[in-house]
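S.K.: Okay, predicted coordinates and the sequence, questions at the end:
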Amino acid sequence: MNPIATLGLALGAGFSSGLNLYATVATLGLLERFGIIHLPGSLHVLSHPVILTVSIVLYVVEFFADKIPYLDTAWDAIHTFIRPPAAALLAFSAAGAAPPEWRWAAALLAGGVALTSHGTKASARAAVNTLPEPFSNWALSFGEDVLAVWLTWMATKHPVATTVIVAVLLVLSAYLLYRLFRFARRALQRLFAA
């Protein structure tokens, strides 16, 4: 795998893992299993039936957990310790033929990108949970799943475009996090002032 493809996979899989790790792993595994893509040798294990079964079952669990307000927040809190390290491991494995320093750089980059996308997702979901209707939560959840699968596929087929898309998504995430933290700070100030 060339450096551009490795960078695209690290960034795309990193960002999508922060949104939905199990959808990312299942997508990579299914694409490899059906010969649509060819992952580096160290990632062929993702197409193994056991890994596919576990990732699909966990995706289904997450699919339903994401639709229930406040349960999704608890799920995201737990996954703060799962998604970024898993994204780093995926990137480290994807860069299997590269020198060790490049593999570690890919892992750190993917882990940081996953933490950013995960933090944005978790913060946005917590804010949406304050709305009285469930449809916003469901729409956001469906959108995250579609983005995770699409970005994973893009990372395997169009690494340069994926790099640009992830850069734009990171800027958008930073802006959204800034706005959400300002909103939370104002809400807490009003709560304590009353």
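M.R.: Structure received.

S.K.: Pass me the low-pLDDT residue ranges in the chain, would you?
M.R.: Within the chain, the ranges that satisfy pLDDT under 70 run 1.

S.K.: change it to 90
M.R.: Counting by pLDDT under 90, the ranges of the chain that qualify are 1-7, 38-41, 68-70, 95-98, 126-137, 180-181, 183-194.

S.K.: can you give me the helices in it?
M.R.: Ranges of helices within the chain are 3-33, 49-65, 71-79, 83-94, 100-128, 135-157, 159-193, based on DSSP state H.

S.K.: what's the offset of the second one from the middle of its chain?
M.R.: I take that to be helix 49-65. 15 Å (C-alpha atoms, centre = their mean, to the nearest Å).

S.K.: about what we covered before: which stretch among the helices of the chain comes nearest residue 41?
M.R.: If you check each of these against residue 41 by C-beta to C-beta, helix 83-94 wins as the nearest, at 9.2 Å. The way it works is simple: take the backbone N, C-alpha and C, and place the C-beta from them, glycine included.

S.K.: Just list what the closest one packs against, helices and strands only.
M.R.: helix 3-33, helix 100-128 (3 or more C-beta pairs under 8 Å, 6 or more residues apart in numbering; DSSP states H and E).

S.K.: any idea which of these is most buried?
M.R.: helix 3-33 (a mean of 25; mean count of other C-beta atoms under 10 Å).

S.K.: the inter-axis angle of that one versus helix 71-79?
M.R.: For helix 3-33 against helix 71-79, the angle by axes from the mean of the first three to the mean of the last three C-alpha atoms, to 10 degrees is 120 degrees.
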